[in-house]
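Q: model this:
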Amino acid sequence: MIKKLLLVAVLIGLLALFFIYGGQEYLNFDSLKLHKNELLSYANANFWQTFFIIGGIYILSTMLNLPGAAIMSLAIGFIFGRWYGTLLAISSATIGAVLVFWIARYLIADWARPRLEKMKSTQNIMAQLQNDAFSYLLFMRAVPLFPFWFVNMVFAFSPIDTRHYAIGTFLGMLPVSFVIVNLGQSLSTVDSMEQLFTTEVILSFVMIGVLALITTTIMRYRKAKITLKKTA
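A: Predicted coordinates for the structure are as follows:
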């Protein structure tokens, strides 16, 4: 119990430090536009140092559910380009998500899971996750409509293991991360977030969601077919 309380205190302390020192003022589009040339110059002179520093910040912001994940992905795309940027963004987000997953399981999963299974509003969701958590994770990660923190919490209470959670998170977020990081390369030519998220980009997100739905449906169908063969 003492260890859990200490962990909660550390998390609250990190959150408090972020807001006390005005971290939210840096994780916005205007700040990124203002400092983009400085960031790029520093990264060109200290590539790997910047790479790992920004990766660490991204992991920490994901773990603490801080605002500005999209801004960080845009900044990473602008600084490191399409391929290194995608690698950094998806790896950092996955590591951060796994840390949240572990923390949530350690702190509250044992308390919350039986209560969620008893509630009528969540019984069906928990039952579905019990049967095929990986497919649902893959779909929910690929569709930006589901808040990142919500997916972290839901699957922390599911039976999915860490390895499948990490793989599902990585693969599910990869297409969306690629699109957002790629948009970061356009920062020099736009003046607002609205200019980045054009109709074509929104359609790309829709297509990713449709593809994820088709993929997970096929996976669930095949799994059900295999289960039927085993029980026949």
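
Q: I figured Ala70 was touching Ile180, is that so?
A: Yes - shown here, Ala70 and Ile180 form a contact pair, counting by C-beta atoms under 8 Å, at 6.1 Å. Quick note: C-beta positions are derived from backbone N, CA and C, even for glycine.

Q: And those two? Which one has more around it.
A: Neighbour totals were compared for Ala70 and Ile180, and Ile180 leads with 26 against 18 (other C-beta atoms under 10 Å).

Q: Which elements pack onto the host helix or strand of that one?
A: Assigned by DSSP states H and E, Ile180 falls within helix 162-184. Judged by 3 or more C-beta pairs under 8 Å, 6 or more residues apart in numbering; DSSP states H and E, helix 162-184 is in contact with helix 69-104, helix 120-142, helix 199-231.

Q: Please identify the most buried of the ones you listed.
A: helix 69-104 (a mean of 21; mean count of other C-beta atoms under 10 Å).

Q: Please name every helix or strand in contact with that one.
A: helix 29-45, helix 47-63, helix 148-156, helix 162-184.

Q: For Thr169, grab the count of nearby residues.
A: The tally of other residues near Thr169 (other C-beta under 10 Å) stands at 26.

Q: sorry, back to before: what does the helix holding Ile180 rub up against?
A: The contact list for helix 162-184, computed with C-beta atoms under 8 Å, 6 or more residues apart in numbering, reads 70, 73-79, 82, 85-86, 89-91, 93-94, 97-98, 101-102, 133-134, 137-142, 144, 155, 160, 196-197, 201, 204-205, 208, 211-212.

Q: ok, 6 Å please
A: With C-beta atoms under 6 Å, 6 or more residues apart in numbering as the test, helix 162-184 has contacts from 73-74, 76-78, 82, 85-86, 89-90, 93-94, 97-98, 101, 134, 137-138, 141-142, 144, 196, 204, 208.

Q: same thing with stretch 3-19?
A: Stretch 3-19 has contacts (C-beta under 6 Å, 6+ apart) with 64, 107.

Q: one step back: any idea which of the helices and strands packed on helix 69-104 gets closest to Ile20?
A: helix 47-63 (15.3 Å; C-beta to C-beta).
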